[in-house]
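Peer 1: need a 3D model of the sequence below.
(one chain, ligands or ions: 2)
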Amino acid sequence: MKSGFVAVVGRPNVGKSTFVNQAVGTKVAITSPRPQTTRNTIRGVVHGDDTQLVLVDSPGLHKPNTALGERLNRLVYGTLAESDAALFVIDATGPIGPGDRLIAERLKESGVATVVAVNKTDIGDKDETGSQLAEAGEWDFAAYVPVSALTGDNVSVVVDELVTLMPDGPAYFPPDMVTDQPEQVVIAELVREKYLARLREELPHSLTVLVDDIEERPNDITYIGARVIVERDSQKGIVIGHGGEMLKTVGQEARTEIEALLGTSVFLDLRVKVEKDWQDQPLLLDRLGF
Ligand SMILES: Nc1nc2c(ncn2[C@@H]2O[C@H](COP(=O)(O)OP(=O)(O)OP(=O)(O)O)[C@@H](O)[C@H]2O)c(=O)[nH]1
Ligand SMILES: [Mg+2]
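Peer 2: Residues are numbered from 1 along each chain as shown. Ligands and ions are numbered 1, 2, ... in the order given. Prediction:
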């Protein structure tokens, strides 16, 4: 069969995770309008007729200004070195910028066969999409496809292009497996997604979620204990909300999705904890799995 690993790269917020979810057909990676939503490499598997694409979603590449940012960038370039192909996602709604050019250069240097997806065509201006395709065309990559990861338009075209770049290989994942993430990570990410949708500006980057406990209880109830971790005492109040409102709403929204995922009722026990400057503490980053 044709199979292999595809590094999905691009600037923050261009729609990498949305693309992976659409191609896989299941939400394996959370998405949000905020940059730096994805913090880990996440594998999403596209099963085809005698083909298997393992899409490796990764954090958006940006100028690092914290230890976390540096780790994320290293993670992405490490992923690239182990890939059979790359999918470079750029955003049709804005001009190609220095960030895109830098990534294009790195991709060229790496020698990894690359497909370019110009994403968000559903909201991008036709002319702008056209001029972006022309400009990106000068990089001379394997293929260029305008897509909408959100609506699914042309996503299968990108998948087909990537499949042609795959070597002969084994099935890396069994047919029923769509991601490599353990259940507690998927659950923690769903909670974080609900917060990302609600919080403004800097706070999203200061927030992380850790699931400590998943227990099956009688009457088909799953107990889940999780910590919402922020950096400063002042952020604790925001995350909890007036009269506990924020914590409650986020908890309810996350619970609904987790119940659908697990197929049981869920008791979600969320606690808020302050870990000072967790983004700059190597030991804590290790514990949080970065
Ligand atoms: N209209 C439109 N919006 C999109 C499309 N693809 C992604 N988005 C939106 O763009 C935002 C960012 O999408 P993500 O998939 O989280 O982007 P990302 O590249 O994974 O971002 P990071 O993980 O932060 O690097 C979200 O609000 C998505 O809903 C698209 O094709 N059309
Ligand atoms: Mg992402």
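Peer 1: and Y144, how far from I229?
Peer 2: 41 Å (Cβ to Cβ, to the nearest Å). No exception for glycine: its C-beta is placed from N, CA and C like everyone else's.
Peer 1: again with A29
Peer 2: For A29, the distance to I229 - Cβ to Cβ - is 20 Å.
Peer 1: out of the two, which sits in the busier spot?
Peer 2: Neighbour count, other Cβ atoms under 10 Å: between A29 and I229, A29 has more, with 28 against 20.
Peer 1: what's the nearest residue to the more buried one if we skip its chain neighbours?
Peer 2: Among residues not flanking A29 along the chain, S17 sits closest, at 3.8 Å (Cβ to Cβ, 6 or more residues apart in numbering).
Peer 1: quick one, what contacts that neighbour?
Peer 2: Applying Cβ atoms under 8 Å, 6 or more residues apart in numbering to S17 gives the contacts 29-31, 37-38, 42, 57.
Peer 1: now it: which helix or strand?
Peer 2: helix 16-24 (DSSP states H and E).
Peer 1: next structured bit after that helix?
Peer 2: Downstream of helix 16-24 (by DSSP H and E), the next one is strand 42-48.
Peer 1: show residues contacting that next one.
Peer 2: With Cβ under 8 Å, 6+ apart as the criterion, strand 42-48 contacts 17, 20-21, 23-24, 26, 28-29, 52-58, 159, 163, 172-173, 175, 177-181.
Peer 1: just the buried residues from those residues, in ChimeraX please.
Peer 2: In ChimeraX, this line selects whichever of the contacts of strand 42-48 come out buried by 16 or more other Cβ atoms under 10 Å:
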select :17,20,21,23,24,28,29,52,53,54,55,56,57,58,159,163,173,178,179,180,181
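Peer 1: in the stretch 51-200 of the chain, which residue sits nearest ligand 1?
Peer 2: G60 (2.6 Å; Cβ to the nearest ligand atom).
Peer 1: E128 touches A92, doesn't it?
Peer 2: Yes. Contact criterion Cβ atoms under 8 Å: E128 and A92 qualify, at 6.5 Å.
Peer 1: the two - which one has more neighbours?
Peer 2: For the pair E128 and A92, the greater number of neighbours falls to A92 (24 against 15), based on other Cβ under 10 Å.
Peer 1: can you tell me the closest non-neighbouring residue to the more buried one?
Peer 2: A92 sits nearest to G124 (Cβ to Cβ, 6+ apart), 3.1 Å away.
Peer 1: my guess is the one you found is in a helix, correct?
Peer 2: No. Assigned with DSSP: H, G, I helix; E, B strand; the rest coil, G124 falls outside any helix and is coil.
Peer 1: and it, how far from ligand 2?
Peer 2: Applying Cβ to the ion, to the nearest Å, the value for G124 to ligand 2 is 19 Å.
Peer 1: what's near enough to touch that residue?
Peer 2: 91-93, 118 are the contacts of G124 under Cβ under 8 Å, 6+ apart.
Peer 1: state the number of residues packed around D50.
Peer 2: Neighbours around D50, by other Cβ under 10 Å: 10.
Peer 1: contacts only, for it.
Peer 2: Contacts of D50 by Cβ under 8 Å, 6+ apart are 1-2.
Peer 1: how close does the nearest residue to M1 once chain neighbours are set aside sit to M177?
Peer 2: In space, and not counting its chain neighbours, M1 is closest to D50: 4.6 Å by Cβ to Cβ, 6+ apart. From D50 across to M177, the span is 17 Å (Cβ to Cβ).
Peer 1: with V20 instead?
Peer 2: 15 Å.
Peer 1: now swap in G241 and tell me
Peer 2: From G241 to M177 the distance is 37 Å (Cβ to Cβ).
Peer 1: longest helix in this structure, by residue count?
Peer 2: Using DSSP state H, we find that the single longest helix of the chain is helix 245-262.
Peer 1: show me what secondary structure element comes after that one.
Peer 2: Counting by DSSP H and E, what follows helix 245-262 is strand 265-274.
Peer 1: partners of that following strand, with directions?
Peer 2: The pairing partners recorded for strand 265-274 under DSSP bridges are strand 221-230 (parallel).
Peer 1: CA atoms only: put the partner strand into CSV for me.
Peer 2: Only the C-alpha atoms of strand 221-230 are listed here, as CSV (Å, rounded to 0.1, in the frame of the first residue of the first chain):
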residue,chain,number,x,y,z
ILE,A,221,-21.0,7.5,34.5
THR,A,222,-17.4,8.5,33.9
TYR,A,223,-15.8,10.6,36.5
ILE,A,224,-13.2,13.0,35.1
GLY,A,225,-11.0,15.1,37.3
ALA,A,226,-9.1,17.9,35.6
ARG,A,227,-7.0,20.9,36.5
VAL,A,228,-7.2,24.2,34.6
ILE,A,229,-3.8,25.8,35.1
VAL,A,230,-3.1,29.5,34.8
